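A.B. asks: how would this look folded up:
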Amino acid sequence: MNGSIARRGLIGTAARGLGLSAVLLLPACVVRPAVNYPPVPAPRPEVRPPPPSERLVWAPGHWHWDGRQYEWVPGRWVERPRSGAVWVPGEWVARGGQWVWVPAHWR
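C.D. replies: Model prediction:
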């Protein structure tokens, strides 16, 4: 009898845990509509200042979508993480009739 009571307690605890997990994970299942960004403006011309150090690489400015409109993010110097690393600038790419931002990264 004690075994069946313990088993019921364990099953009840497991069921509550599963129920709580379902409630917590449910928001992750919400499908948000794709954002239909307007076309990206042309890049702004920038004057690249001299590098403050030979270890720095110029990351050109780019347009950032703030949820309502594009905002210009000016270029900046970024530190090379390792010798021989190559900076790949971010870019807006048209995919499936929508604009998608591909972030800058090191290669």
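A.B. asks: ok, which stretches of the chain are strands?
C.D. replies: Remark: strands assigned in the chain by DSSP state E are 56-59, 62-65, 70-73, 76-79, 87-88, 91-95, 98-102, 105-106.
A.B. asks: List the strands paired with the fourth one, with their directions.
C.D. replies: When you say that, I think you mean strand 76-79. Within its sheet, strand 76-79 is paired with strand 56-59 (antiparallel), according to DSSP bridges.
A.B. asks: now swap in the third one and tell me
C.D. replies: In the sheet containing strand 70-73, the strands it pairs with under DSSP bridges are strand 62-65 (antiparallel).
A.B. asks: related to what we said a few turns ago, and the strands of the chain as a markdown table, adding mean neighbour count?
C.D. replies: (Each C-beta comes from the backbone N, C-alpha and C, glycine too.) Below are the strands of the chain laid out as a markdown table (neighbours: other C-beta atoms under 10 Å):
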| stretch | mean neighbour count |
| --- | --- |
| strand 56-59 | 15 |
| strand 62-65 | 17 |
| strand 70-73 | 13 |
| strand 76-79 | 12 |
| strand 87-88 | 14 |
| strand 91-95 | 13 |
| strand 98-102 | 14 |
| strand 105-106 | 12 |
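A.B. asks: With mean pLDDT and distance to Y37 as extra columns, can I get those in TSV?
C.D. replies: Formatted as TSV, these follow (pLDDT from 0 to 100; distance: least, C-beta to C-beta, whole Å):
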stretch	mean pLDDT	distance to Y37
strand 56-59	93	22
strand 62-65	94	6
strand 70-73	96	8
strand 76-79	95	23
strand 87-88	93	21
strand 91-95	90	8
strand 98-102	89	4
strand 105-106	94	21
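A.B. asks: Redo those as a markdown table? Include distance to V47.
C.D. replies: Shown next, in a markdown table, are the strands of the chain (distance: least, C-beta to C-beta, whole Å):
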| stretch | distance to V47 |
| --- | --- |
| strand 56-59 | 11 |
| strand 62-65 | 16 |
| strand 70-73 | 14 |
| strand 76-79 | 13 |
| strand 87-88 | 19 |
| strand 91-95 | 21 |
| strand 98-102 | 24 |
| strand 105-106 | 24 |
